[in-house]
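Asker: Any chance you can model this:
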Amino acid sequence: MNNTAYSGRIQHRAKKDRESNFELLRIIAMLLVLVVHASFKALDTPSVSDVINNPLSSFLRFQSESVSIICVNAFILITGWFGINPRALHLCAFYFQVVFIGISIYLCLFLLGKVEPWGMSEWIRLLLCRRGLWFVGAYIVLYIISPILNSFVLNTNRKTFRTVLVAFFIIQTIYGFSSRWTFFCSGYSPLSFAGLYLLSRYIRIYSCKCFSFNKWCDISIFLCSTLFTSLASMILVGHAGQDAWLLYEYLSPTVIVGSVYFFVFFSKISFHSSFINWIAGSAFAVYLFHCDPLIFNEYYLATIRTYYINNSSLLFIFHTGILIITMFGLSIIIDRIRQYTWQRLLLKYRQIHVEK
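Answerer: Coordinates of the predicted model:
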């Protein structure tokens, strides 16, 4: 079977019956984004004294980061599995979501007297998607170059595809992970996204022994990778006095391995839930909402730091969990309003277009 026919068939099947396995993964990935920002982003990594004096607490903090850091990679792997079929309308819907949520947050905070009136520069930054939401810009670039990536997938043979992938991840590890060259940007870049996108396409199209294990073996590999990262971090900080951030980059080999096998696990389960699909339709809004510059530092990170300083470990986990659920719920509510508004705008546009 040629690649074109195969791709066409799987895309048709994906549209026809969208199962809930990847939709659940999409939800989990966004919850993990909230967790990863509540971990080292809010509280920093455990120090040398933390590791030596409180090894169990430090290990649990490292393990929390190790589990949650796979969030962004998992989201891109989902995108690669289904593939991007670029359309101007889809890109406009994505842009509208970004701008709508940004404006909604500003208006709510402005009416509550929490922010000053914006000047022209702030509105321009919002409209140009230049407000620090790094994923938005990187994803737009991936979206734009996706026809090139799709053409490569459809017009190359398995051996060449595999060679390109192996070469890419070797080069990324040498120059992006260990040497930290800026064009890889620690995995915060369209270049790293493209590698994950192609890897996911390869996993779906070709049968590969290393991805054909029992699903429980997949989840075991994921857990082992997170355990390795946590223990390596403990050693790096506690005994070598080094910074552990390097092991928690999106392009870290153990993070990529964990991300892939966590993703592959979900590819092997099958179920359908309308509720899961409904929630997953607004999952990306969770990132846009809590990472908005008006929310992120003052209302999310600062609140978590306050919980950590003023509460016991159990109360900290409880209060942080409530905050994460609240942020997730508010994001879904705002995005549902956004979806209704977008549908009304589309309807109005089509009516005008028909009249012309």
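
Asker: quick one: low-confidence parts of the stretch 1-150 of the chain?
Answerer: 1-17 (pLDDT under 70).

Asker: Show me where it has its strands.
Answerer: In order along the chain, the stretch 1-150 of the chain carries no strands (DSSP state E, counting those that start in this stretch).

Asker: Please enumerate the helices of it.
Answerer: For the stretch 1-150 of the chain, the helices defined by DSSP state H, counting those that start in this stretch cover 3-16, 21-36, 42-43, 48-53, 55-68, 71-82, 88-111, 120-127, 134-155.

Asker: Run the chain-centre distance for the last one.
Answerer: I take that to be helix 134-155. With CA atoms, centre = their mean, to the nearest Å as the basis, helix 134-155 stands 16 Å off its chain's centre.

Asker: Averaged pLDDT, the following helix or strand past that helix. What do you get?
Answerer: On the C-terminal side of helix 134-155, the nearest following helix or strand under DSSP states H and E is helix 158-171. What helix 158-171 shows for mean pLDDT is 96.

Asker: buried ones in the very next helix or strand once past helix 158-171?
Answerer: For helix 158-171, the following helix or strand on the C-terminal side (DSSP H and E) is helix 190-205. Judged by neighbour count using 16 or more other CB atoms under 10 Å, the buried positions of helix 190-205 are 190-205. Quick note: C-beta positions are derived from backbone N, CA and C, even for glycine.

Asker: of these, closest to residue 252?
Answerer: Nearest to residue 252 out of the buried residues of helix 190-205 is residue 192 (CB to CB; 11.0 Å).

Asker: Next, the contact list for the closest one, please.
Answerer: 172, 176, 184, 185, 250, 251 (CB atoms under 8 Å, 6 or more residues apart in numbering).

Asker: which among the residues you listed gets closest to residue 57?
Answerer: residue 250 (25.5 Å).

Asker: So the closest one is in contact with residue 71, correct?
Answerer: No. Between residue 250 and residue 71 there is no contact under CB atoms under 8 Å: 9.2 Å.

Asker: so what's the spatially most central residue of the chain closest to, chain neighbours aside?
Answerer: What sits nearest the mean C-alpha location of the chain, by CA atoms, centre = their mean, is residue 72, with 2.5 Å. With sequence-adjacent residues excluded and distances taken as CB to CB, 6 or more residues apart in numbering, residue 72 is closest to residue 250, at 5.7 Å.
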